Each structure stands twice: as structure tokens, then as C-alpha cells.
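Trainee: missing the sequence, but the structure's below:
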């Protein structure tokens, strides 16, 4: 398992840290230093709220290596309230209850391990139905 | 402007070739293409392959295949663009010959997807998506397609089984292709009762993984052998275009529009100096039925939200105005990974030569082939015409 690769991404995986464009105010996730909207330099950090809604979803039964222990799991395109869309597993919800438009919120969960009980565990964001404010 | 001719074609059957290795599979296609080209000697070989490094622990296919084909010394390299690797390799061959720096180019697509099954294959296929932000979530290519299909059906009120027409057409045409993996038409009930894979996708919405190799020889018209039979139709590459879109599906400005297909199709049409209605047949990249629908819409053949209806209403059949997947497509021919784009070119050439037998499109003169990587994160479009 590529430890530095996962370590580099922990701000995004644990805190949904992205960027905001100082020129057009677009919110950017994940960070890419060039604004996809106006193409100018965008390096200002921005912390997303973790709130969004389900744009689409599906349930995976045939998982890739490392994810089989968790199968079946539901994966969604989540449109964050601030604008960007991300891909994330849904958690704490029955597959049958998921609907397009459902409000969801970010939680931190175990994504996978490297198959070695003394090895690395990868944590990241998943989304659960938003608890009423 | 000199014409770039497809002088020779070759292909293996598509299937689960557990008894044939990667290099042997490629060589069968290479040998057939070189023989069909009547003695032309290539100076360059461009390979289309996506997963050999993962599934066969073999990269560096340019050197391997040139060596195994007895062509050591020639220029050789692999082009990789996920599922569009074959299209990208074809484009590279075209660019090389068009530039005048290579006289004869061999293009070979080869893939072995069936030496492994299950989680290992899913993991390998997922490398075509965004590793840091899609695959890490356990996303697979099937799931990407399912996410699009789910949203599409929601936005356009598509009824259950609305996508059946794509599988029905593919299998009906595959029945006439001796090299296809599936050579039997299927009934609507078969689609309706098919096992769900990743909802709303069912087993017939996804092309089956397979092994296969296809090859072709490109050269300039003035370099064709003197004994080229006058009766043998000349097929030229009239246009070649490659366009990219965001890699991750979630980064799309408009997820239900394949911008890369739109751009590459526009560029190709312009290069060939034709209009869409002049296309006699279309080989879209139906890795998933939703991709077929979106390709029809994004290419301009159907309005948004109506691509599925073209298939449902039989308007992509061999006798329709726009025959599609004329020899089975990915669904019935089988999905041989990076070889797909070359299979499409080989089949289109067969159509334009008038040798497609039961699959023949009447008076085929202009064919368009589209090779996609992922959900059209890459789209490579070629137009082939009969001279």
C-alpha cells in the first residue's frame, strides 16, 4: 500500500479541505490550484461544510479487491451544498431508502485496509442521511 | 493531400482464450493483417492495450510484440487511454503515416481480460477512474455507468427495460459475425429477466469482459503494392480526432452529456468534410447501454433524453437510417479492452469492402467509429470511407 499517497490526501479525506477561487468565488474540491470555472490561480484553502444531497446512487455487489468485506455497499454522487460534486459511499442507511435529492452529511469512516492485520488502514469520508438541524 | 489507406486487416475471435497467451493472440491478428496487406513491411507498430500490466504482469508491449512478430528493429510503443487505447493506437498510426515520417504502420489492439476473475479484475478496471477520489471509494466502471443510468432514467422518465433495445440490436447483429463472442439474438424477455449487476444496470446492460486481438496496416495510397486488385475497394481514414473530458465523473459540468464525444465527433466531421446524415453506420462504444444512449445524443444523432428511444424504436437496426453496432458491438462481440478500437476499425473496413455478409449495411460508403475511455473521459473518433 502506498503510504505517502494516502498520507498526502488526509486533509481532503478527513476534513474535506478544498480551495476557494479568489477571483470568481467558486468552491473547488479536490484542490487543483487552477480554478475550473475561470481558469485563474486558486490556492486559498476552504473547508467544506460536509453537507450536500444525493445526485445519483447505485449499490455495488461485485467489489474490487480490498472492498469485498464491505459489500454490498451503496455509492453515490453527492452534490455538496457549496457546488462541487464528489463520489462517496453512503453509510448508516438502507439501500432501499436512498433517493435522489436526499440530504446527506459527511462522516469519517474506514474505507479499506491493505489485507494485513498489522498494516495500514485507509480512512475517508462517507455520507449518511442528514440529521435534521 | 494523400489518402491514408487501411491496406490490411486481421482479427482473432473474441472469447475466453485460456489456451492462448497475450503474445500469441496478438501475433495471430498481426500475421493476418500483414498477409491481407499483400507484403507491405511496417516501419512502426502501435499497440492498443489497457490492462496487461495489471492482469498479465506484462507492460512494454511494443518491444514484446515487435519481437514476437519477427519485427525487431522497428519503432514500437503502446498507447493507453483505458477503453479508448485501441482508438488512440489507430490515431497514432494515422498520424505517423500522414506525417510522411512512417511509410507503413501496423496497429494492433490486444487484451486478455479473462485470465483472472472477480475482485482482482474489478480493481484493475477501476484504475481507469480517478484513483484518489473515485476508486478509493470502492467505485467500479459498472458503478459509474449505473450512476449515470440512474440519473438519466430519473430525469427523462425512462420506463423499466427502456434500454433493452441496445442489447437486442447488438445480439441480433452479433449473430452474423463469426468472430463475435455471442452469436445469437436474444428476446425481450431475456433482458427483462436479466440478473441485476449494479442497479439499475442488469447483466445485459454491460458488455462482457473477453480476450481478443485485432490488427490493421496503414499506408499511403501511392505505396500500395502494384498487384493490388482493382476490384478490391480502397478504404481510407477520412478523419481522426481525440478529445478529453474530466477524468472523474463527479467533475463533469453536465454529467449526462459526453463532451468528449461531442468535441471529437465535431472535429472528425469537419476534417472529413461531411455532415452527420452522410454517415452510413456508427460503431459506438457500448461498454454499457447508457453510454450508447449518451453517445448518440452527444454525437448529435439524437436529442437529449431521446437516445434510448432510438434503440427502443428499432432506429439503430441494420435496415434503419443509422445502423449501429453492425457486427455486435462491445455487447455481443465482447469487450476486449484496449483491442476494441481496432476491432471497430477492422469491422468498419469489412463493411466498406462489402464483405460483412449477414451483417452487411447496404451501400455502406461512410462509417464512423467511436472508442471511449471510461465514461467518455477520452473519446477517439475516426471516419472511414470507401474510395
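Mentor: That came through fine. All values reported here derive from a predicted model rather than from experimental measurement.

Trainee: got a list of what residue A:77 touches?
Mentor: Under the criterion of Cβ atoms under 8 Å, 6 or more residues apart in numbering or on different chains, the neighbours of residue A:77 are A:54, A:55, A:56, A:57, A:85, A:86, A:87, B:147, B:151, B:249, B:250, B:255. C-beta here means a position set from N, CA and C on the backbone, and glycine is covered the same way.

Trainee: what's around residue B:363, how many residues?
Mentor: 8 (other Cβ atoms under 10 Å in any protein chain shown).

Trainee: what sits against the closest residue to residue B:44 other than its chain neighbours?
Mentor: Nearest non-adjacent residue to residue B:44, counting by Cβ to Cβ, 6 or more residues apart in numbering or on different chains: residue B:75, 4.1 Å away. Contact partners of residue B:75, counting by Cβ under 8 Å, 6+ apart, are B:43, B:44, B:45, B:102.

Trainee: ok, residue B:143 touching residue B:198?
Mentor: Yes. Contact between residue B:143 and residue B:198 holds when scored by Cβ atoms under 8 Å: they sit 5.2 Å apart.

Trainee: now do the shared contacts for the two.
Mentor: Residues touching both residue B:143 and residue B:198 (Cβ under 8 Å, 6+ apart): A:58, A:60.

Trainee: who's more crowded, those two?
Mentor: The neighbour comparison of residue B:143 against residue B:198 (other Cβ under 10 Å) goes to residue B:143, with 31 against 26.

Trainee: around chain A, which positions in chain B sit nearby?
Mentor: Residues of chain B that fall close to chain A, judged by Cβ under 8 Å from any Cβ of the partner chain: B:118-120, B:122-123, B:125-126, B:130, B:132-140, B:142-143, B:146-148, B:150-151, B:154, B:197-201, B:248-252, B:255.

Trainee: among those, name the ones in helices.
Mentor: Of the positions in those, B:119-120, B:122-123, B:125, B:142-143, B:146-148, B:150-151, B:154 sit in helices, assigned by DSSP state H.

Trainee: if we can go back for a sec, which of the residues of chain B next to chain A are buried? Put it as a ChimeraX command.
Mentor: Listed next is the ChimeraX selection for buried residues among those, using 16 or more other Cβ atoms under 10 Å in any protein chain shown:
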select /B:119,122,123,125,126,130,133,134,135,136,137,138,139,140,142,143,146,147,148,150,151,197,198,199,200,201,248,249,250,251,252,255
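
Trainee: where do the helices sit along chain A?
Mentor: All helices of chain A, identified by DSSP H, fall at A:3-8, A:10-15.

Trainee: out of the ones you listed, which is the most enclosed?
Mentor: Highest mean neighbour count among those (mean count of other Cβ atoms under 10 Å in any protein chain shown): helix A:10-15, with a mean of 16.

Trainee: give me the helices and strands touching that helix, please.
Mentor: Applying 3 or more Cβ pairs under 8 Å, 6 or more residues apart in numbering or on different chains; DSSP states H and E, one finds that helix A:10-15 contacts strand A:121-129.

Trainee: now the strand it packs on: mean pLDDT?
Mentor: Average pLDDT, strand A:121-129: 95.

Trainee: which residues are contacting that strand?
Mentor: By Cβ under 8 Å, 6+ apart, the surrounding residues in contact with strand A:121-129 are A:1, A:6, A:13-14, A:16, A:50, A:52, A:76, A:78, A:86, A:88-93, A:97, A:102-114, B:136-137.

Trainee: contacting residues for residue B:30?
Mentor: Counted by Cβ under 8 Å, 6+ apart, residue B:30 has contacts B:10, B:65, B:69, B:106, B:108, B:213, B:215.

Trainee: ok so, going back, can you pick the most crowded of the contacts of residue B:75?
Mentor: The most crowded member of the contacts of residue B:75, judged by other Cβ under 10 Å, is residue B:45 (26 neighbours).

Trainee: what sits against that residue?
Mentor: Residue B:45 neighbours (Cβ under 8 Å, 6+ apart): B:62, B:65, B:66, B:69, B:71, B:74, B:75, B:76, B:105, B:106, B:107, B:108.

Trainee: which one of these is nearest to chain A?
Mentor: Nearest to chain A among the contacts of residue B:45 is residue B:62, at 26.8 Å by Cβ to the nearest Cβ.

Trainee: wasn't that closest one part of a helix?
Mentor: Yes. Residue B:62 sits within a helix when classified using DSSP: H, G, I helix; E, B strand; the rest coil.

Trainee: check contacts around it.
Mentor: Taking Cβ under 8 Å, 6+ apart, we find residue B:62 in contact with B:45, B:46, B:47, B:76, B:77, B:78.

Trainee: one more time with 6 Å, if that's ok
Mentor: Residue B:62 makes contact with B:47, B:76, B:77, B:78, according to Cβ atoms under 6 Å, 6 or more residues apart in numbering or on different chains.

Trainee: could I have the buried ones of the residues you listed as PyMOL selection syntax?
Mentor: In PyMOL syntax, the buried subset of those is picked out as below (16+ other Cβ under 10 Å):
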select buried, chain B and resi 47+76+78
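
Trainee: looking at the contacts of residue B:62, which are in strands?
Mentor: Among those, the members falling in strands (DSSP state E) are B:47, B:76, B:77, B:78.

Trainee: quick check: residue A:97 vs residue B:146, distance?
Mentor: In this view, residue A:97 and residue B:146 are 18 Å apart by Cβ to Cβ, to the nearest Å.
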